[in-house]
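> Could you look at this predicted model? Sequence included:
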4 protein chains.
Amino acid sequence: MIKLDFEIALYYTIFDPSCDLLFNIHAAMTRCQTVLHENLYVDQATTTDLQTDVDTGNRWLRMQGFAGPLTVRYNATISISHYMTPPEQLMEVPIAQMPLSVLEYLNPSRYCQSDRLQKFALNEFGHLPRGYTRVKAIHDWVLRRVRFSVQTSNASTSAMDTLVEQVGVCRDFAHLMIALCRALTIPARFTTGIDYGAALDLGPPDFHAYVEVYLSGRWYIVDASGLTVPMGLIRLGTGRDASDVAFATLFGSVKSSMPQIKISAIEDFANNYEIPYNSTDILSTDP
Amino acid sequence: MIKLDFEIALYYTIFDPSCDLLFNIHAAMTRCQTVLHENLYVDQATTTDLQTDVDTGNRWLRMQGFAGPLTVRYNATISISHYMTPPEQLMEVPIAQMPLSVLEYLNPSRYCQSDRLQKFALNEFGHLPRGYTRVKAIHDWVLRRVRFSVQTSNASTSAMDTLVEQVGVCRDFAHLMIALCRALTIPARFTTGIDYGAALDLGPPDFHAYVEVYLSGRWYIVDASGLTVPMGLIRLGTGRDASDVAFATLFGSVKSSMPQIKISAIEDFANNYEIPYNSTDILSTDP
Amino acid sequence: MIKLDFEIALYYTIFDPSCDLLFNIHAAMTRCQTVLHENLYVDQATTTDLQTDVDTGNRWLRMQGFAGPLTVRYNATISISHYMTPPEQLMEVPIAQMPLSVLEYLNPSRYCQSDRLQKFALNEFGHLPRGYTRVKAIHDWVLRRVRFSVQTSNASTSAMDTLVEQVGVCRDFAHLMIALCRALTIPARFTTGIDYGAALDLGPPDFHAYVEVYLSGRWYIVDASGLTVPMGLIRLGTGRDASDVAFATLFGSVKSSMPQIKISAIEDFANNYEIPYNSTDILSTDP
Amino acid sequence: MIKLDFEIALYYTIFDPSCDLLFNIHAAMTRCQTVLHENLYVDQATTTDLQTDVDTGNRWLRMQGFAGPLTVRYNATISISHYMTPPEQLMEVPIAQMPLSVLEYLNPSRYCQSDRLQKFALNEFGHLPRGYTRVKAIHDWVLRRVRFSVQTSNASTSAMDTLVEQVGVCRDFAHLMIALCRALTIPARFTTGIDYGAALDLGPPDFHAYVEVYLSGRWYIVDASGLTVPMGLIRLGTGRDASDVAFATLFGSVKSSMPQIKISAIEDFANNYEIPYNSTDILSTDP
């Protein structure tokens, strides 16, 4: 098991007299991810409304903000008990056996035009054995072709763009991998999180975007960008693609400053809490 | 109240030894739309699996088909008790008061890139009074600008294409109107149906695509293409856009023939069943 | 040498009182392609204006048409003396040595977004030896990946679409190959013609689109779609892409019928005229 | 007449042992724009090759650069004797009377998809009187709809994107206006220059992009972005769109620094040289 402490601090200046704000910064509640303790701090006098989507475990915070500076700070301690499976045991699920709620993750979405990539995906991956092998082949191809580079993509960049231009950030890696999986009838979705691993490597911790694929009856984590230790990912939101799980949606004239994120792992052998490590098993937090 | 009889017959030739088939041809079950009687006929020996999505009332039929010809025929008698509201009473719902399940219909989707249309929508409609007036203005604009013409668009055509090219079919009208509504923070979704009205005007009855907008706490029907009498629409499926509610998804090598659709309205004054007519009120089947 | 007889007949119905018409149906005049004899027949009383672009040898026919039916028929006898080079002798030309008039064929164009394909092209072909080997590798890749299928693409389909969707007609093969060549700094252009070879294989003769690449100081023919015997291609127009060399541009309300095209090769050993054959050399008609 | 002094200084670091460089920084030579004096300074030992395109007057500088820092500095004194026409005298030219070399500026290009904007352009501007009135209406519409904002567009942004997103820089204004003009059969092209006027208003002088439309037999200047005094524009290059007239194309691994540009107007009443002013006439430098 893993135990992680994290904090997300968001800073805004609001120019309208008041405006609606929608956040997805709370740790998701899933069968494997438990929130042990959490705090929310808002430096304006306002009502905060928090709801959980029962299908996904996503938690949505709504509030009104008022003219002037606004700070929203959330911290939590969570534990994650990963469901772990050796890759060779992960099978693709026949259409007939997919739960109804999984089917929508076969459909194309704003940033994942899987409908247009079908022939491309078949040509590249159609001949491979089904199951995790094929997912791994897609992942390897994306990693080999796409170069990670900041400020090469923007809010409009889609899987089709990334397929052609072969450069982008974690969100673009995720969208391309998702589109290719769906094109092969493998359900795939977009997940946002906070990343314990990147904290070690890539400068200050940041929001991360990764992929979950539906195999053998569960959603398994694949970090398309290959930058993180999947065991160290705290899940915030999951959806069709980035358009579903923005960490902040601001309905008004608002200036944002850089979010500040902290994360640390708690080692506690007595209670079976380990530091996240690179497992050869594939991990799921959402059965 | 309205009482309608309809039949959908689908004809395929399957070339693979077997393949998965997914249909959305059953009448949706909503608080206003009741299935009085229904039949399903399949001319191959196979198990049919029917499930209802509780959030939307969409009903999904899955089955395996086998090499050779396949006929799927569904008929039903349904009654619809529309919820009717005078247009001037329809208000936009503040973000803070929208149910969580409505929020996703503000997000861009495969065919409705509302994120890219925000400035356009604000420039055209931002100054108008909020509520049905604004929805009507969007509808009028779409009708005035886009010309209905078959074979001018295809399965890749999106709202952005239709905004620029200004020609298309019912699905394109719907996508453009949805994208413009979402760009103005009005939840909007894509609905498929069978249309009693078009049966009178446009040759043989066919599948139709229209829009539902969320106003005053309900989903109200707007036929973006303006071709139908909304009271005569039988709802099959509703989703983010066309990618969510294909009437048939065929996972294999299958040739389709033209669907055959029949529909008739049953007049029955004794039981309060009227023939669909053009109401000045705006209609909802989904509170 | 090759001697070919061909006829192009175009049929229109004009609905405006009058309208401008622009055609590119005359055989191009190049150093290798000579028009021995030609006729133009127009069944309306109108002035025809014919001009030749000195840079390309393209010939442009302009006329006014009037309300009612219009037939335009052109026939010609031409001889082609191909410049032939063994593939292993074809080298890429350094930027510094390209004539100024060739540089524009390195730029992206409407249907050939070579700017966006640079990384893709480098990843696939960057490691290959320069010269015809690399052009051949691009050609083979396009042939292996893209499936020829009518009515799968339309007037908006670009190289980027074809790269992703991997299906199309001769024009789409040409656009993709051109975009990939330009992305690697190999000048490439789009050429339209009438094809003697296809007459044998693919039903009635039709307009064809193919590629010319600039190697060793000349424009060499590559039929990206692989459907023709290059020696049997009569060149009509050459340009950046299909937008430059439409065989007919109709500035008004006009209905077109299917063009009718005839072509035959004249064997005449006494004068050294052969029937087009599949040469192992690469051919140029435009030094 | 106008007399202007300007200097363009470009700074690079080259990482390859050698690479080809292509520049369009020399003042174009047109019937109205005369180069009185010019200097080119390059701080590497290399051969510079300068050629003029006779059709456009564009001047292309090619050279090889070598590993290490590279400075290219060009300065010139030019005089411009504008051809000036009152707007009400500017007429659209019938297709039949356009010179052959003008026709290509009716075709869609990489960033100006006029083919897709035809219905939009007809709906917005089709009813207006032909001639400058219509060009002015397009210009006003673009100015009213598109907001100037840096870093909102990138090297892939096309007229279709700008039509929808309604934000961009001078190059985006120009592309959208060009596409709309072409969609209405008004030849239009993309011109780059150095702008005397902007020097006054917008911080340091910079490269500018504007439009030329073909009316009454000449190419007339319209600054789509409305930021400059057209009389103060020095023409560098003109082409289909931005892809034809990049001020620098670097075929290798090269880092660029910010160009430095100076410009000043020389008042000299004795010789009839005025300071650029806002003329009510429309200006042409290219008959």
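Everything's here; your move.
> Near the residue in chain A that chain D sits nearest to, how many other residues are there?
At 7.0 Å from chain D, residue A:154 is the closest residue in chain A, using Cβ to the nearest Cβ. Placement of C-beta: from N, CA and C, glycine included. For residue A:154, the count of nearby residues is 16 (other Cβ atoms under 10 Å in any protein chain shown).
> low-confidence ranges in the stretch 101-250 of chain A?
Applying pLDDT under 70 to the stretch 101-250 of chain A flags residues A:198-203.
> which residues in the stretch 51-200 of chain A form strands?
A:59-80, A:83-85, A:147-148, A:167-168, A:188-195 (DSSP state E, counting those that start in this stretch).
> Checking the nearest residue to residue A:261 once chain neighbours are set aside next. Helix, strand or coil?
In space, and not counting its chain neighbours, residue A:261 is closest to residue A:205: 4.4 Å by Cβ to Cβ, 6 or more residues apart in numbering or on different chains. Secondary structure for residue A:205, judged by DSSP: H, G, I helix; E, B strand; the rest coil, is coil.
> From what I see, residue A:205 and residue A:264 are in contact.
No - taking contacts as Cβ atoms under 8 Å, residue A:205 lies outside contact range of residue A:264: 9.6 Å.
> which residues do those two both contact?
The contact sets of residue A:205 and residue A:264 overlap at A:6, A:196 (Cβ atoms under 8 Å, 6 or more residues apart in numbering or on different chains).
> Which residues belonging to the host helix or strand of residue A:35 are considered buried?
Using DSSP states H and E, residue A:35 sits within strand A:33-42. Within strand A:33-42, the residues scored as buried using 16 or more other Cβ atoms under 10 Å in any protein chain shown are A:33, A:40, A:42.
> sorry, back to before: out of the strands of the stretch 51-200 of chain A, indicate the one that is most buried.
Sort these by mean neighbour count, taking mean count of other Cβ atoms under 10 Å in any protein chain shown, and strand A:188-195 sits at the top with a mean of 27.
> Say whether chain B is contacted by that one.
No - for a cut-off given as Cβ under 8 Å from any Cβ of the partner chain, strand A:188-195 has no contacts with chain B; the smallest distance is 11.8 Å.
> Which other helices and strands does that strand contact?
Contacts defined by 3 or more Cβ pairs under 8 Å, 6 or more residues apart in numbering or on different chains; DSSP states H and E place strand A:188-195 against helix A:170-183, strand A:207-215, strand A:233-239, strand A:260-265.
> For residue A:3, give me phi and psi.
phi -130, psi 120 (degrees, to the nearest 10).
> Pull the number of nearby residues for it.
Using other Cβ under 10 Å, residue A:3 has 20 other residues around it.
> Check the gap between it and residue A:205 for me.
Separation of residue A:3 from residue A:205 (Cβ to Cβ, to the nearest Å) stands at 17 Å.
> Using the record's domain definitions, break chain A down for me.
Domains of chain A are assigned by automatic domain parsing as A:2-80+A:246-271, A:83-244+A:277-286.
> Which of those sits closest to residue B:233?
Smallest distance to residue B:233 across these (Cβ to Cβ): 22.9 Å, for domain A:83-244+A:277-286.
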